[in-house]
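Novice: Structural data only, the sequence is not supplied:
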């Protein structure tokens, strides 16, 4: 069953919070992973790996560089589920 | 010769989540060994179902992201480092004059084996990107160098159960050679996992006293039947005396000398003559410019194995000669179990505390000492070291592979 964008954001925020120690409420669509959330490339790859499992999607490495903001990732995952 | 002093201590052990608790419980003769609270023995048919498990799990004191990014061996090293660094007064040190030497005997065995479980279960795409930085045996020292911003060098000499002592020896060399003014040094181990337990059991190295875990580690007792696996970390802040005095640091004690040798005898068994162990102790005495009569206390490697304990005891006797009659011998593994790469570091902490308090910690579980033991073993309750004057003590650590390390500590 595919999740909507709000549900994906909620699930992704949980993963990011767990990895970084940030408050899940601070993980919003307009936040940049690197500039706002201070997530380095290894942490980003960890988040992607965990998100792939959680949402049962595949995010190829070459697509990860296009996921600049949380919203980019939410949209990508929502679409990939379909 | 640069005088080298100890200005901070940290530990997380089966006897406590810090040095004061660990030391108090050691002086009280308590055991940190208990039955495993899981079903491994049943699930895997393991011959041993107990160990010296940490009193305070690192995830009770570290943040969630920290526990996710670090193998338990690095987590324990960080817990001990934070205590030691705060204990030393959180000194401000030029990062290029500050070093880290924190070893592990086995490395990130939990991370490695868990990642392999994930891969077999879910496929290669689920292997997390931090797996290698977490499993590498230099991970604890690297995290310690990040924690305190140590740039003079970060090292992790690996020599099985001598690793923690070798790390402290290397810190001594870094200060003697002028590479650093301050070094955070120690050892850590987190190997209470079914595979290492079963491998040690397969070697017949472990005690199988499942019905009496707290009584299983009994160095020098006639009924000793192997070591008890423990986990944890010990860390100390080691500093040139000049640097320590300039910043007004409290000085716990001195690192007076060290000796290191190799047996080149067998991959796991110690040389039955103990020649390498004896040479390590003699080199340490020479390095410290001391003689046998200066030594008042020995914290033995004494793991509770039938063969190893007596080889070491004979070696101590041969190095110290008739003066050995006046030396108090303690085997603290009777209480903590064997922390492998953490052992030499934790026992160094014990040795420094013993000299500071002028009290040798007890050896528990010895109901009938081995008749061949010709040394004064401190049993059940602590015993006083001489109340006056400068004192010195030896801490021995030996590892599979024939590694021998003797460290000599002194009162402040």
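Specialist: Everything's here; your move. The structure displayed is predicted, hence computed values, not measured ones.
Novice: How is chain B divided into domains?
Specialist: The record assigns chain B these domain ranges, following automatic domain parsing: B:4-246, B:259-411.
Novice: Nearest approach to chain A belongs to which of those domains?
Specialist: Closest of the domains of chain B to chain A is domain B:4-246, at 4.0 Å (criterion: Cβ to the nearest Cβ). Heads up, the C-betas are built off the backbone N, CA and C, glycines and all.
Novice: could you pull out the helices for the chain?
Specialist: Defaulting to chain A. A:5-20, A:41-55, A:61-64, A:70-81 (DSSP state H).
Novice: The intended chain is chain B.
Specialist: B:19-27, B:40-44, B:64-69, B:72-87, B:109-122, B:131-135, B:139-148, B:163-176, B:194-202, B:241-246, B:275-288, B:308-320, B:333-336, B:343-357.
Novice: Let me know the average pLDDT across stretch B:234-242.
Specialist: For stretch B:234-242, mean pLDDT is 98.
Novice: in it, what's buried?
Specialist: B:234, B:235, B:236, B:237, B:238, B:239, B:240, B:241 (16 or more other Cβ atoms under 10 Å in any protein chain shown).
Novice: The fifth one contacts residue B:176, doesn't it?
Specialist: Put plainly, it is residue B:238. No. Judged on Cβ atoms under 8 Å, residue B:238 makes no contact with residue B:176 at a distance of 10.8 Å.
Novice: Name the residues contacting each of those two.
Specialist: Shared contacts of residue B:238 and residue B:176, defined by Cβ atoms under 8 Å, 6 or more residues apart in numbering or on different chains, are found at residue B:4.
Novice: quick one on the thing from earlier: want to throw the helices of chain B into a markdown table with distance to residue B:402?
Specialist: Shown next, in a markdown table, are those (distance: least, Cβ to Cβ, whole Å):
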| stretch | distance to residue B:402 |
| --- | --- |
| helix B:19-27 | 29 |
| helix B:40-44 | 30 |
| helix B:64-69 | 35 |
| helix B:72-87 | 23 |
| helix B:109-122 | 22 |
| helix B:131-135 | 25 |
| helix B:139-148 | 23 |
| helix B:163-176 | 13 |
| helix B:194-202 | 18 |
| helix B:241-246 | 34 |
| helix B:275-288 | 6 |
| helix B:308-320 | 12 |
| helix B:333-336 | 20 |
| helix B:343-357 | 15 |
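Novice: Out of those, which is the most enclosed?
Specialist: The highest average neighbour count among those, using mean count of other Cβ atoms under 10 Å in any protein chain shown, belongs to helix B:333-336 at a mean of 30.
Novice: which helices and strands does that helix pack with?
Specialist: helix B:19-27, helix B:343-357 (3 or more Cβ pairs under 8 Å, 6 or more residues apart in numbering or on different chains; DSSP states H and E).
Novice: now those helices as a markdown table including mean pLDDT?
Specialist: As requested, the helices and strands packed on helix B:333-336 are exported to a markdown table (pLDDT from 0 to 100):
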| stretch | mean pLDDT |
| --- | --- |
| helix B:19-27 | 98 |
| helix B:343-357 | 98 |
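Novice: got TSV for those helices, with distance to residue B:159 too?
Specialist: Shown next, in TSV, are the helices and strands packed on helix B:333-336 (distance: least, Cβ to Cβ, whole Å):
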stretch	distance to residue B:159
helix B:19-27	24
helix B:343-357	9
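Novice: And the ones you listed: which comes nearest residue B:133?
Specialist: Residue B:133 lies closest, by Cβ to Cβ, to one member of these: helix B:343-357, at 22.3 Å.
Novice: Report the contact partners of residue B:138.
Specialist: The contact partners of residue B:138, by Cβ under 8 Å, 6+ apart, come to B:154, B:155, B:156.
Novice: So how do I select the buried members of those in PyMOL?
Specialist: To isolate the buried ones among the contacts of residue B:138 in PyMOL, judged by 16+ other Cβ under 10 Å, type:
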select buried, chain B and resi 154+155+156
